[in-house]
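J.: Make a model of this:
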Amino acid sequence: MIQSNFGHIQVNIQPTNLDFYKELFTFLGWKLLFEMPGFAGYGDANGGSVWFTAPIKADAKNDYDGIGMNHLAISVPQAADVDHTVEYLKAHNVACLFNTPCHRPDFTGDGPDDYYQVMFESPDRVLFEVVYTGPKE
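T.: Next up is the predicted model:
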């Protein structure tokens with residue numbers, strides 16, 4: 001069996017929205033790895049990275065309920081970080097979706113763990129989740 005882990009993902013965006021991702025990933029504590037006009041990459045503490053660049057087909061539409069990636073989840077170490085993210089989103093006029101933030105006991109059962117999330121979409125309709133998973137706080 002091969003041992004593997006997450007490497008990177010490329011997200012195609014409208015270049016005019018690059019500042020949205022720069023501000024969001026800086027807020028979430030990711031490190032800028034590389035940047036040039038219309039292109040930037042951010043790395044997490046475990047070596048994974050997300051890269052934002054212009055699409056090859058500028059007129060293609062993203063539908064997160066269709067075939068392809070549904071959402072990109074960013075894990076945070078504390079439930080309070082989800083709340084801080086909600087405050088950040090409100091300050092940037094980004095709507096929280098699907099009745100979030102909320103706890104999801106349907107994902108954890110009656111055990112001691114918590115799944116607390118907020119979901120939102122970017123200006124390019126990329127769906128994001130910021131989530132705390134761990135002991136109930």
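J.: Could you use CA atoms for every contact and neighbour count after this?
T.: Noted.
J.: Check which element follows the helix ranked longest in the chain along the chain.
T.: Scanning the chain for the longest helix, with DSSP state H as the assignment, gives helix 79-91. From helix 79-91 onward toward the C-terminus, using DSSP states H and E, the following helix or strand is strand 97-103.
J.: what's the offset of the very next helix or strand once past that following strand from the middle of its chain?
T.: Along the chain past strand 97-103, the next helix or strand (assigned with DSSP H and E) turns out to be helix 105-108. Distance, stretch centre to chain centre, for helix 105-108: 20 Å (C-alpha atoms, centre = their mean, to the nearest Å).
J.: Please list the outside residues in contact with helix 105-108.
T.: 114-115 (C-alpha atoms under 8 Å, 6 or more residues apart in numbering).
J.: repeat for stretch 55-74
T.: 12-14, 124-131.
J.: what's the most distant pair in those residues?
T.: 14 and 131 (25.6 Å; C-alpha to C-alpha).
J.: Tell me how far the residue lying farthest from the centre of the chain lies from residue 24.
T.: The C-alpha centroid of the chain is most remote from residue 1, which lies 29.5 Å away (C-alpha atoms, centre = their mean). Distance from residue 1 to residue 24, counting by C-alpha to C-alpha, to the nearest Å: 36 Å.
J.: Give me the distance from stretch 64-79 to the chain's centre.
T.: Relative to the centre of its chain, stretch 64-79 is centred 6 Å away, using C-alpha atoms, centre = their mean.
J.: now for it, what's the gap between its first and last residues?
T.: Stretch 64-79 has an end-to-end distance of 25 Å (criterion: C-alpha to C-alpha).
J.: Between residue 14 and residue 131, point out the one with more neighbours.
T.: It is residue 131, of residue 14 and residue 131, that has more neighbours when counted by other C-alpha atoms under 10 Å, with 25 against 14.
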